[in-house]
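S.K.: Sequence plus predicted model, see below.
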Amino acid sequence: VPLATELLAQITEVVGSEHVLEGDDLTAGFSVDWTGRYRGHTPAVVRPGDIDEVAAVLALCAEHGTPVVPQGGNTGLVGGGVPLGGEVVLSLRRLTSLAPVDTAARAVTAGAGVTIGELQRHAAAAGLEYAVDLASRDSATVGGTVATNAGGLRVVRFGATRAQLLGIEAVLSDGRVLRHLGGLTKDNTGYDLAGLLCGSEGTLAVVTAARLRLVAPRPQRTTALVAFASIGDAIDAAGAWAGAVEGVEAIEFMVSDGVGLVADRLGLARLVAAPAHLLVEAAGSADPTDALAAVVASTPGVLDVAVGRSAGQRERLWRYREGHTEAINQLGPPHKLDVTLPHDRLADFIDAVPSAVEALRPGASVWLFGHAGDGNVHVNVTGVAPDDPVVDDVVLHLVADLGGSISAEHGIGTAKRPWLGLNRSPEELSAFAAIKGALDQAGILNPNVLLP
Ligand code: 2HG
Ligand code: ZN
């Protein structure tokens, strides 16, 4: 649907013609998600340069009743940031302001368009660190990770994005600004709007900046890639290590098919053959290697251990884990089912998923990996049509039956919208609807996402 000429002219006046992109050649990269599973189209990608422009563009779209999809680095994996219904794309990538680090408060205020990698380097230059880290760090943005409450590789120690959030600046769909960036450690003054907007997936307001907590660096760091005799042994170890390894920052899980695929696709050396591997990393001000080695040595089912201490060695070990997303995508757009199970059901779930999927879709391949320390498995299924709902249905029902969550860290997006009722009661969903109506009064923000 072309935009009303008048609206387009008004938006262009606000942001300048070089920041309104039209036509497939220019908008294609904003209309398809990273996996290639979700393909939309847009009449225009609008790239405001500051919060006033964001507010003015939203107010204009609200006036015309024109739906808008906010977008950061477009690294989401649930189709939550692409214009599936022909919406205007509001790209926040130009909001790249980055205030000096407040070292006394251990915090920083960052614009929505700052990438996680830039934020990490900015914090490091001031002797601190941003605790959220994820493979898409050089594209994923502050705004996108706040809007989706992104998790990543260090949740077991530091929590997900919401746990880092000290304040927020966001624009409502009618152009009004919510700003609460003071970032006081103690600030008990009513509704936690930052916490509410975090994870709202662009349905309530457009995040333009965030005040984020930083953490002290842990200069001594050791990574171990541990091979196990069985998947059950690896899962048991992940549960035990979460409490037993001092300074543990990551406990990541892989199975033999996945590490084989990553090695082949990314040209890495083959690992020791084993049904499962855990990658565990610990860090602190003292060298964690001996303590980590002692815990690993007393763990049942360990077949082999590779240890990395230098940055280069550690990075080589991490490639096997971080490379999964990229290697799997080379097989064609996957179905991604990012789920959490209670720890004592995790092994049952991992055991049941492949046969449950293959019974319904014999040509499908199931890839299992994830953040075992958080009970979070990334079930990826390839060899299934992008719009085939059958696999999602069987896996998500299995998750709910075992007391798990259908989204651990990627969000609901458009991918899991039909199944939200598996985890949320009718009363909760009616509270969601009331909140949506109260904040997005124009009813134009991300209409194909989250809410059933
Ligand atoms: C990860 O843990 C990301 O690497 C992506 O959450 C997971 O590709 C996936 O399914
Ligand atoms: Zn993940």
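M.R.: That came through fine. Ligands and ions are numbered 1, 2, ... in the order given.

S.K.: Enumerate the residues of the protein near ligand 1.
M.R.: 77, 135, 325, 336, 338, 378, 380 (C-beta under 6 Å from any ligand atom). Heads up, the C-betas are built off the backbone N, CA and C, glycines and all.

S.K.: which ones are touching the closest residue to ligand 1 within the stretch 1-150 of the chain?
M.R.: Residue nearest to ligand 1 within the stretch 1-150 of the chain (C-beta to the nearest ligand atom): A135, separated by 5.0 Å. Residues near A135 by C-beta atoms under 8 Å, 6 or more residues apart in numbering: 153, 322, 325.

S.K.: is it true that it lies in a strand?
M.R.: No: with DSSP: H, G, I helix; E, B strand; the rest coil as the criterion, A135 is assigned coil and is not in a strand.

S.K.: of the contacts of A135, closest to I435?
M.R.: Nearest to I435 among the contacts of A135, counting by C-beta to C-beta, is L153 at 30.5 Å.

S.K.: Can you name the residues that contact that closest one?
M.R.: Shown in contact with L153 (C-beta under 8 Å, 6+ apart): 133-135, 249-250, 252, 371.

S.K.: ok, back up a step: format the residues of the chain next to ligand 1 as CSV; extra columns: pLDDT and distance to E129.
M.R.: Below are the residues of the chain next to ligand 1 laid out as CSV (pLDDT from 0 to 100; distance: C-beta to C-beta, whole Å):
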residue, pLDDT, distance to E129
L77, 98, 25
A135, 95, 17
T325, 98, 23
K336, 98, 28
D338, 98, 25
H378, 98, 25
N380, 98, 29
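
S.K.: Leaving out the residues flanking it, which one is nearest to L266?
M.R.: Distance criterion C-beta to C-beta, 6 or more residues apart in numbering; nearest residue to L266, sequence neighbours excluded, is G323 at 4.8 Å.

S.K.: One more: E358?
M.R.: A364 (6.2 Å).

S.K.: I figured the one you found hits V391, correct?
M.R.: Yes: with contact defined as C-beta atoms under 8 Å, A364 reaches V391; the gap is 6.4 Å.

S.K.: neighbour count winner among these two?
M.R.: The residue with more neighbours, out of A364 and V391, is V391; 23 against 19, by other C-beta atoms under 10 Å.

S.K.: Ramachandran angles for that one?
M.R.: Main-chain torsions, V391, degrees, to the nearest 10: phi -70, psi -50.

S.K.: Settle this for me: K416 is touching L396, isn't it.
M.R.: Yes: applying C-beta under 8 Å, one finds K416 in contact with L396, separated by 7.0 Å.

S.K.: Tell me which helix or strand comes right after the helix or strand harbouring F253.
M.R.: Assigned by DSSP states H and E, F253 belongs to strand 248-255. The helix or strand immediately downstream of strand 248-255 is helix 256-266, counting by DSSP H and E.

S.K.: Which strands border the strand holding F253, and is each parallel or antiparallel?
M.R.: Here strand 248-255 is paired, per DSSP bridges, with strand 276-284 (antiparallel), strand 365-371 (antiparallel).

S.K.: Kindly present these as TSV, with separate columns for mean neighbour count.
M.R.: Below are the strands paired with strand 248-255 laid out as TSV (neighbours: other C-beta atoms under 10 Å):
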stretch	mean neighbour count
strand 276-284	24
strand 365-371	23
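
S.K.: Turn the ones you listed into a markdown table, columns for distance to K186 and mean pLDDT.
M.R.: As requested, those are arranged in a markdown table below (distance: least, C-beta to C-beta, whole Å; pLDDT from 0 to 100):
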| stretch | distance to K186 | mean pLDDT |
| --- | --- | --- |
| strand 276-284 | 27 | 98 |
| strand 365-371 | 31 | 98 |
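
S.K.: Which one of those strands lies nearest to G49?
M.R.: Minimum separation from G49 across these (C-beta to C-beta) falls at strand 365-371, 36.2 Å.

S.K.: Centre of the chain to that closest one, how far?
M.R.: 16 Å (C-alpha atoms, centre = their mean, to the nearest Å).

S.K.: Need the contact partners of it.
M.R.: 151, 153, 155-156, 250-255, 257-258, 261, 321, 324, 328, 331, 334, 338, 350, 353-354, 357-358, 376-383, 408-409.

S.K.: now it and helix 256-266, what's the angle there?
M.R.: If you take axes from the mean of the first three to the mean of the last three C-alpha atoms, to 10 degrees, strand 365-371 sits at 90 degrees to helix 256-266.

S.K.: Restrict strand 365-371 to CA atoms and write it as PDB.
M.R.: C-alpha atoms of strand 365-371 as PDB (Å, rounded to 0.1, in the frame of the first residue of the first chain):
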ATOM      1  CA  SER A 365      16.400 -32.100  10.800                       C
ATOM      2  CA  VAL A 366      16.500 -31.000  14.400                       C
ATOM      3  CA  TRP A 367      19.400 -29.000  15.900                       C
ATOM      4  CA  LEU A 368      19.700 -28.600  19.600                       C
ATOM      5  CA  PHE A 369      22.000 -26.300  21.400                       C
ATOM      6  CA  GLY A 370      21.800 -23.500  23.900                       C
ATOM      7  CA  HIS A 371      22.400 -22.000  27.300                       C
END
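
S.K.: Stretch 78-93: end-to-end distance?
M.R.: Terminal residues of stretch 78-93 lie 20 Å apart, using C-alpha to C-alpha, to the nearest Å.

S.K.: So for it, what gets flagged as buried?
M.R.: 78-84, 86-93 (16 or more other C-beta atoms under 10 Å).

S.K.: These: which two are farthest apart?
M.R.: Maximum pairwise distance in those, criterion C-beta to C-beta, is 21.1 Å, between G86 and R93.

S.K.: And for Q220, the neighbour number?
M.R.: By the measure other C-beta under 10 Å, the count of residues near Q220 is 15.

S.K.: S285 is in contact with that one, correct?
M.R.: Yes: contact criterion C-beta under 8 Å: Q220 and S285 qualify, at 6.5 Å.

S.K.: quick revisit: among the buried residues of stretch 78-93, which lie within strands?
M.R.: Residues of the buried residues of stretch 78-93 located in strands (DSSP state E): 88-91.

S.K.: how about the nearest residue to the most centrally placed residue in the chain, chain neighbours excluded?
M.R.: Nearest to the geometric centre of the chain sits A150, at 3.7 Å (C-alpha atoms, centre = their mean). Closest residue to A150 apart from its sequence neighbours, by C-beta to C-beta, 6+ apart: T161 at 5.0 Å.

S.K.: State the number of residues packed around the one you found.
M.R.: Around T161 there are 27 residues (other C-beta under 10 Å).

S.K.: Three-state assignment for whatever residue of the stretch 201-350 of the chain ends up closest to ligand 1, please.
M.R.: Per C-beta to the nearest ligand atom, T325 is where the stretch 201-350 of the chain lies closest to ligand 1, at 3.5 Å. Three-state assignment for T325 (three-state DSSP): helix.
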